[in-house]
Every structure is written in C-alpha cells, then in structure tokens.
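1. fold the following and give me the result.
(chains A and B)
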Number of protein chains: 2
Amino acid sequence: MKTVTGFASATVGNVACGFDVLGFAITEPGDEVILTLHDEPRSGSPVTITSISGDGGALPLDPKKNTSSFVVLKFLEYIRSTKGIDFKGHIDLELKKHLPLSSGMGSSAASAAAALVAANELLGSPCSKMELVHFAIEGERVACGSAHADNAAPAMLGNFILIRSYHPLDLITIRPPKDLFCTLVHPHTEVKTSFARSVLPKSIPLSMAIQQWGNVGALVSGLLMEDYDLIGRALVDVVAEPKRAPLIPGFNEVKQAALDAGALGCSIAGSGPSVFAFSSSRATAETVGAAMQETFKLSKAELDSDMWVSPVCSQGARVISSTL
Amino acid sequence: MKTVTGFASATVGNVACGFDVLGFAITEPGDEVILTLHDEPRSGSPVTITSISGDGGALPLDPKKNTSSFVVLKFLEYIRSTKGIDFKGHIDLELKKHLPLSSGMGSSAASAAAALVAANELLGSPCSKMELVHFAIEGERVACGSAHADNAAPAMLGNFILIRSYHPLDLITIRPPKDLFCTLVHPHTEVKTSFARSVLPKSIPLSMAIQQWGNVGALVSGLLMEDYDLIGRALVDVVAEPKRAPLIPGFNEVKQAALDAGALGCSIAGSGPSVFAFSSSRATAETVGAAMQETFKLSKAELDSDMWVSPVCSQGARVISSTL
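-> You can find the predicted model right below:
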C-alpha cells in the first residue's frame, strides 16, 4: 500500500492594488491531503473521500464536488490523455483541513494544491508543478464558481505569483524580499466570496484605474528591489478595498492599528474577512498582529480572531511524507 | 560672462500598458538649451529668449509662455524662496530644438529638463535633480495643458520612471536591462495631444483595467528581472492603443512589421504619432526600424519618417558644456 501526504499553505490573493492578478503563499497554516493507492480497480469513481477533518462537516464527500478530489480526477484524466498513464486502481483520499473555510485565506486552493502534489508523487511524478497548477485553478471553479488563480497559483508554486494573463496562462514568480513578514488575522465572521464580488463596480473611472496600475507597478518594483518603504507606499487599493471594507466589522480601525504598530501596509486578504499586513521584521509583524487582534476584539462586533505571522513561503505545495 | 549648455533627450511616455504612469528616456536625439548669465539687472523678465532654432517658428518667444524659459523662471522663484538665493542679474536663453514638435517624443519635456540643469549649474547647483523634476513637470502644463510626468520625469532622471503618485509626487527609477534597445520612428504626420486624449473613455470595464494592471506588473517584472520575453509579452495596451491607433495612418501594419522583424513589442510613443519598439539587440532594433519605416512609406498615406535606435538612457538631463 502506497501512501503520500501532500501539504499546501494559506495564500493571500489580491494583495491590495493587485486585485485579481497577485497572490502570495505563507508558510503556515496549511491543509494536508493523504492519498493511499490501491492497485485493484473499484467500480465508480477512482477517487474516494474516506474522511475530512477540520471542516465542521461543511465540505461535500462526493468526489466530483469536493475540490481536493475533483482536481485529482482531472489530473488522472490528463495523464491518461497526454502521458499515456492509464491508472486502473483506486485512490483513497483523506483531507485534514487546518484552514478556515470562507476566510479569504485560500482554503480551497490549499486543499487542491496539496492533493495534486500528493497524486503526482503517487503516480511517479509525471507532471511538473506548472502543469499541476492548471488543475488547481480549475478546482477553484468547483469551490467558488470561478477559475481564479490568485490563490491556486501561489498555493502550488509558493512566492508571490503575478497573473499576467489567463489565456494563455502566464504566471510570473516574484521571490519575496528576505525580511518581509506577513501578519494574517482571521476574525470569526464570514464574508461570502460571491457577495464580496457583487459589491464591486462593473466599470471604474480611467483615473482610478491609472492610480491602481501605478501602485501595481510600484509594488512589483518594491518587491524586486527589496525596498520595504516602497512596498508600503504601494499597498493601496482604490478599487476593491473601499467597497469591501464595510463587509468586515472594524476593518478601518484594524488597518489603522496595524499601521500605527509599524506595519508597512495592510489590506483585505482575498475577499475577506481575513486581513493581512506586511512588516519588515518578525518582531514588528508580531506586534502588528497583537494590535490587530485587540482592535477586532474592541470593535462593535467584539470579534475573536486567529493570527499567524509568517514569511512568504518560497516552496509552495509539497510532499511531506511518503511510503513509496 | 558665464555660459552653460544643458541637454536632455527624447522620451517615450506610456510604454504600452503603462498609460500615464511610465516613461523612459533614450540617448538621442535631444534638445539643447544654452544659458548665458549677465550679472547686471535688466527691467522686465529675468529670462530673455534670444533665439530658437529647429522649431520652424512655432514656439513662443514670450518667456512666460515658452516651456524652457517658464521653468527657469519657476526655478528662480524657488531658489529665492527656499534657498535664499536672490538672483538679481538676467539670463539669455538660446533653444536648439532637435526634437520634432507634437511628435509623441517628449519635445517640451526635453527643452524644460535641458533648461533646468543648465540654470541649476549656472547658479551654483543649489537643487537636486529630484527638486528640478517638479519644475519640468510644471512646464508640461504650459506646453500641453496638463502637468503630466511621464515625459518630464525620465527626461530629467533618465532610465524608466514609474509614477506611483502625483500627490505626493512618488517617482520610481527602474534601471533598464542592458541589452534592451528602443527603435523610435516618427512618421511625418501630426496627432494633437489634446485630441489623442479626447478619444479615450472616461471609464473602463473593471475586467479591462485588471488586464492592464496585470501587464503593468509584468512589464516592471520583466525590466527588473531582465526577462526580455516577458517584456515583450507585457507590452500590451488594451486601453489607449486601440482608441489611438486609428489616428496614426498605417499603425497596425507598422506594429506587425516590427514584430515580424523580431521586435519584443511595439506601441505608440506617448500620444503619437511616433511609434516605438523594443528589441533585445541593436542589430534587431535596426532591422525593426527599417521595416517600420518601409511600412509607413507603403501605407495609404505614404508617410516619410525619421528613425532612431538607442539604448535606454541612464543619465537623464545633463550639462554638456560650461564656461564657469
């Protein structure tokens, strides 16, 4: 019996000005997917979900509807048609969720990326990560209705990932500055991605768009030139954040608290409700996190929260154990 | 009698996706401004334009209306109020224009930047280039009605300049990849900046804006990572180029000819009618230029053109001779 465990971590999409084109991975927390290969065929789906923990029973057990199994099915189809690998056995899938659902932390992307690296290892590593990332992105369609890449790509590849284009998929890896630390705070409230998307305008003034792409260029410059002040100045989102901030109780105060505590910048993680901040040392990132949590607690909604401090992960999804 | 000659070169604003936020300088052609200092005061303006060559008589001789003298007047006001330098004499200004007017090559910005570095040298270099750039930008208001920085800033500072913000002014210098060459072709036709601006929409679909800022991030990545293929893929302007291309006879064919000849990418220089292309060697940039010129000539309008091949200038405006 062959067993492989894949791991992929939380990711932050958008990154303020980089709405829909930028995301990055942190080192923890992350989801684990344990795949066990059985050589004998079984009727029905070649992938069976044997257990899910940490989701409070929210995720589907149907292998076509659960993101982690769905992407493995897509992977099996792909290696059959393009690599001539006709897998006849079956795979049991165990999902250990450590990421909260609907949190803006890329929960579905982490499960998909973890499942894909495990499946690839299990079947002899026929695919590169660049091939696997396509299925991780497809998995987002199952999870939340649109095949966006700003969580799935960094969950698979690590680092900052800039999505230049979807057709063809053109992903640019930007290595993080060495002293950049992310504080991620998840307040215990929920923002539905679909609702967070519905509050956005269909069109925006050209002048606002220009301001946003000036900041995107500046953020990329700051990351590549390791200019922490510039990273901070560029973490401005004039498009999505003003519309989405009201969906997160206390957001403006939490952001101000982060800046007052020394953060370079602060914005909404993905579509929220989690909030991220960047700092130029771990110690500052810890102080920032404490201030953010305290401010959520002192807000009218008196929100409890979880908090993580992490560098940007340069590894991406990976196999953490294997009995091959 | 003290005489200083300042020089500043042509610049290309917008750079495809970087509409209104990006520009770069090339090494030639450029404008020259010769300033001669007379210690004795003279009634009226402290700056007199004694001659202008190369403009076909188009530019005003009134020192408040000519960009090159206007910026010197602003500079004199500034050093009086902030540096305590109360200049009592007068300055004669001679402008040698080598850049065509209304060409999209940053003609007014070059004159302003050349005049400012000469004036600064003449009066003992009281200002940094970062201070001078403010006046060069103000000069654009006199020249074309709006104080835009995408020509003025690179004319003064050289390199690629990304304008993150105007208030406060936040300019980011991006050094060019060493093998990047620009082909600049100026067809003998005119596009008024004000008209080129009037064809742009006031607002754009969010999806279009996202595509543009993905490309801006990618272009900055390509420049900083010296990834020539990425630079080429990112040189896409979905906002301004489609609206402005019809104002330049034969533009689409010229762009295709540049790409067919091996250019990384090609777009409109500023608001046109000049067209620029990037290549990853001087030899390719020369071949690309010949193809572009031939295509302009074969277009319905049978346009003659001038062509320059140049690396990106890393110096910016400078004093080229001085009798101090």
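
2. look up how far chain B lies from the residue lying farthest from the centre of chain A.
-> For chain A, the C-alpha lying farthest from the average C-alpha position belongs to residue A:40; by Cα atoms, centre = their mean, that distance is 34.8 Å. Between residue A:40 and chain B the distance is 47 Å, computed by Cβ to the nearest Cβ, to the nearest Å. Yep, even glycine has a C-beta here, placed from its N, CA and C like the rest.

3. now residue A:190: closest residue in space that isn't a chain neighbour?
-> Closest residue to residue A:190 apart from its sequence neighbours, by Cβ to Cβ, 6 or more residues apart in numbering or on different chains: residue A:102 at 5.2 Å.

4. and the one you found, how many neighbours?
-> Under the neighbour criterion other Cβ atoms under 10 Å in any protein chain shown, residue A:102 is assigned a count of 20.

5. go ahead and confirm it touches residue A:189.
-> No: taking Cβ atoms under 8 Å as the contact criterion, residue A:102 and residue A:189 are not neighbours in contact, 9.8 Å apart.

6. what are the phi and psi values at the spatially closest residue to the residue farthest from the centre of chain A that is not a sequence neighbour?
-> Of all residues not flanking residue A:40 in the chain, residue A:89 sits nearest, at 6.1 Å (Cβ to Cβ, 6+ apart). Backbone torsions for residue A:89, taken as degrees, to the nearest 10, come to phi -80, psi -150.

7. OK, contacts around the residue nearest to residue A:190?
-> By Cβ atoms under 8 Å, 6 or more residues apart in numbering or on different chains, the contact list for residue A:102 reads A:190-193.

8. got a pLDDT number for the residue nearest to residue A:40?
-> In the prediction, the pLDDT value recorded for residue A:89 is 94.

9. show me the contacts for it.
-> Remark: with contacts taken as Cβ under 8 Å, 6+ apart, residue A:89 is in contact with A:37-42, A:46.

10. separation between it and chain B?
-> Residue A:89 sits at a distance of 41 Å from chain B (criterion: Cβ to the nearest Cβ).

11. tell me the contacts of whichever residue of the stretch 1-150 of chain A sits closest to chain B?
-> With Cβ to the nearest Cβ, the shortest gap between the stretch 1-150 of chain A and chain B falls at residue A:21, namely 4.1 Å. Contacts for residue A:21 (Cβ under 8 Å, 6+ apart) come out as A:150, A:162-164, A:216, B:210, B:213-214, B:217.

12. picking that back up, wait, the residue farthest from the centre of chain A sits on residue A:87?
-> No: with contacts counted by Cβ under 8 Å, residue A:40 stays clear of residue A:87, the gap being 12.0 Å.

13. what bridges to residue A:187?
-> For residue A:187, the beta-bridge partners are residue A:305 (DSSP bridges).

14. I figured it hits residue A:305, correct?
-> Yes: taking contact to mean Cβ under 8 Å, the distance of 4.4 Å between residue A:187 and residue A:305 places them in contact.

15. now residue A:319: which helix or strand?
-> According to DSSP states H and E, residue A:319 maps onto strand A:318-322.

16. adjacent strands (with direction) for that strand?
-> Strand A:318-322 has these partner strands in its sheet, going by DSSP bridges: strand A:2-13 (antiparallel).

17. what's the first helix or strand after the strand it pairs with?
-> Using DSSP H and E, the helix or strand that directly follows strand A:2-13 along the chain is strand A:22-38.

18. export the helix or strand just after that next one as CSV, just CAs?
-> Under the assignment DSSP H and E, the closest C-terminal helix or strand after strand A:22-38 is strand A:47-53. Output for strand A:47-53, consisting of C-alpha atoms alone and laid out as CSV, is shown next (Å, rounded to 0.1, in the frame of the first residue of the first chain):
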residue,chain,number,x,y,z
VAL,A,47,-11.1,8.5,-6.0
THR,A,48,-13.0,8.0,-2.8
ILE,A,49,-13.0,10.5,0.1
THR,A,50,-12.6,8.4,3.2
SER,A,51,-12.5,11.3,5.7
ILE,A,52,-12.5,15.0,6.2
SER,A,53,-11.5,16.7,9.4
